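Visitor: Mind looking at a prediction? Sequence and model below.
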Amino acid sequence: MATRPSTAISPISPFAIEDYIPASATTCPTPNQFASNGILIGQGLPGGCTRDIVHRFYSEQYQLNNGQQNRYMTGSDASGLTMGYFHTQNLPIYKYLHGANAPHYVVADNLYQGAFGGSFLNHQVLVAGTAPIFANADQSGGSTDLHSILDTNNMATSTPLYTPTGSVKDQQLTQKCGASNTLACGDYAVNTIQPTYQPFSPRNRVLQAASTAHQYDNWRHHVREMASSGLGTRGAGQTRMAISASLAGPNGTKKEHSCKDPNVNPAAVWPNCPDGAFQFHHQAFNFYASFQPGSEARKDHLKDEASFFAQAQNGTLPSVALSSRWVRTTNTQATPARAMAAAILSIF
């Protein structure tokens, strides 16, 4: 993606990303595209996007290295990108918020990261104050065992600049207890898993054997049941071809009920029609049995983003309103079914 040779970057020193991937670089995904490894110049939209950077439970702890913070490059799947920075004062949002008559705002005020790793676990800690337990977790050590395995440096995977000292496995759950290190262990879900209820990724399935876990919700002061899930393929051999066939009528004609939004996830099946970049695991309350479809809690608190914008405009938002969404680059008309799947809003 670089616009000039990477050798121009001084070894192990901070560098301005715009010098190599300018804002005009066509490296950004389309509205229905999720590309964690980035997009080559000429194959995406303008905007100067970079690839994603690893944010996993044990990887971050390896990078922090007991507070020394000297393993970011070796612990990252993006290596030198960890040394890059943006001139954020050039961003349009910065100029807007610092312009005349701009609204009062707070950006990252007293920012607190509740847990090591990525957004799934941090969303769970935000709403429940603890990590979820994966019920009936496989302990066999086989391919369906979702526990992580760490090497002697407490690293769970390899990177371009790191070779593990032994067997490793970077999975959805913490390591099994009994290891020589002092890091978290047991059946805690710490890396991304999928919700039990729609919307969940159409490419992934719920592990039905892991039916229910309990998680103490500190700020609500009672136990909620958390419907656990794992990653895999939903259904028996359901492929994109099979999904496409399910949307077709006689002689290949399109059925009346199909996902019509041009930005829909290509594997989606009507009436669940999320956008291609929708992040299912950000919908923290959708993991809980108390918020299952048909429940009063779901009806009262999990709503479409249209409700958020309507209440924001008329000044009737409650004191706590949590919205997890992504910014669209095009404006399309959404069906109610797609909108429900594409933007769950938690309101209290």
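Guide: Great, that's in hand.
Visitor: And the helices in the chain?
Guide: 57-64, 92-97, 119-128, 240-246, 296-301, 305-314, 336-342 (DSSP state H).
Visitor: tell me the pLDDT at the closest residue to D52 other than its chain neighbours?
Guide: Leaving aside its chain neighbours, D52 sits nearest to S36 (4.2 Å; criterion: Cβ to Cβ, 6 or more residues apart in numbering). No exception for glycine: its C-beta is placed from N, CA and C like everyone else's. Here the pLDDT value assigned to S36 is 79.
Visitor: Give me the neighbour count for S36.
Guide: Neighbourhood size, S36 [other Cβ atoms under 10 Å]: 10.
Visitor: Contacts only, for T26.
Guide: T26 makes contact with 39, 41-47, according to Cβ atoms under 8 Å, 6 or more residues apart in numbering.
Visitor: Apologies, that question was intended for A156.
Guide: So A156 contacts 56, 58-59, 148-150, 168-171, 175 (Cβ under 8 Å, 6+ apart).
Visitor: Point out where the stretch 101-250 of the chain drops to low pLDDT.
Guide: Where the stretch 101-250 of the chain drops to pLDDT under 70, the residues are 105-111, 202-250.
Visitor: Please tell me how far L161 sits from E60.
Guide: 16 Å (Cβ to Cβ, to the nearest Å).
Visitor: and those two? which has more neighbours close in?
Guide: E60 (19 against 13).
Visitor: Hmm, the more buried one is touching G117, no?
Guide: Yes: E60 is in contact with G117 according to Cβ atoms under 8 Å; the separation is 5.6 Å.
Visitor: Give me the common contacts of these two.
Guide: By Cβ under 8 Å, 6+ apart, no residue touches both E60 and G117.
Visitor: So what pairs up with the closest residue to Q198 other than its chain neighbours in the strands?
Guide: Excluding the flanking residues, the one nearest Q198 by Cβ to Cβ, 6+ apart is N272, at 5.0 Å. Following DSSP bridges, N272 is listed with bridge partners V269.
Visitor: wait, N272 sits on P199?
Guide: Yes: with contacts counted by Cβ under 8 Å, N272 reaches P199, the gap being 5.7 Å.
Visitor: So which of these two has more stuff around it?
Guide: P199 (22 against 18).
Visitor: how near is the more buried one to L173?
Guide: Separation of P199 from L173 (Cβ to Cβ): 23 Å.
Visitor: and if you look at T74?
Guide: For T74, the distance to L173 - Cβ to Cβ - is 24 Å.
Visitor: Of these two, give the one with the bigger neighbour count.
Guide: Per other Cβ under 10 Å, whichever of T74 and L173 has more neighbours is L173, with 25 against 18.
Visitor: Let me know whether that one touches A189 as I believe.
Guide: Yes: counting by Cβ under 8 Å, L173 touches A189, with 5.9 Å between them.
Visitor: got the contact list for L64?
Guide: R71.
Visitor: how close does it sit to Y288?
Guide: L64 is 30 Å from Y288, by Cβ to Cβ.
Visitor: same check, this time on F134
Guide: On the measure of Cβ to Cβ, F134 and Y288 end up 14 Å apart.
Visitor: now Q61
Guide: Distance, Q61 to Y288, using Cβ to Cβ: 27 Å.
Visitor: swap in S158?
Guide: Taken as Cβ to Cβ, the span from S158 to Y288 is 35 Å.
Visitor: So these two - more neighbours on which side?
Guide: Y288 (25 against 13).
Visitor: For that one, list each beta-bridge partner.
Guide: M226.
Visitor: Quick check: it vs D145, distance?
Guide: In terms of Cβ to Cβ, Y288 sits 25 Å off from D145.
Visitor: do F116 as well
Guide: Distance, F116 to D145, by Cβ to Cβ: 21 Å.
Visitor: who's more crowded, these two?
Guide: Legend: neighbour count by other Cβ under 10 Å for F116 and D145, higher for F116 (20 against 16).
Visitor: Contacts only, for that one.
Guide: Contacts of F116 (Cβ under 8 Å, 6+ apart): 57-58, 60-61, 190.
Visitor: any chance of these in TSV, plus distance to Q89?
Guide: Shown next, in TSV, are the contacts of F116 (distance: Cβ to Cβ, whole Å):
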residue	distance to Q89
F57	33
Y58	35
E60	28
Q61	32
V190	35
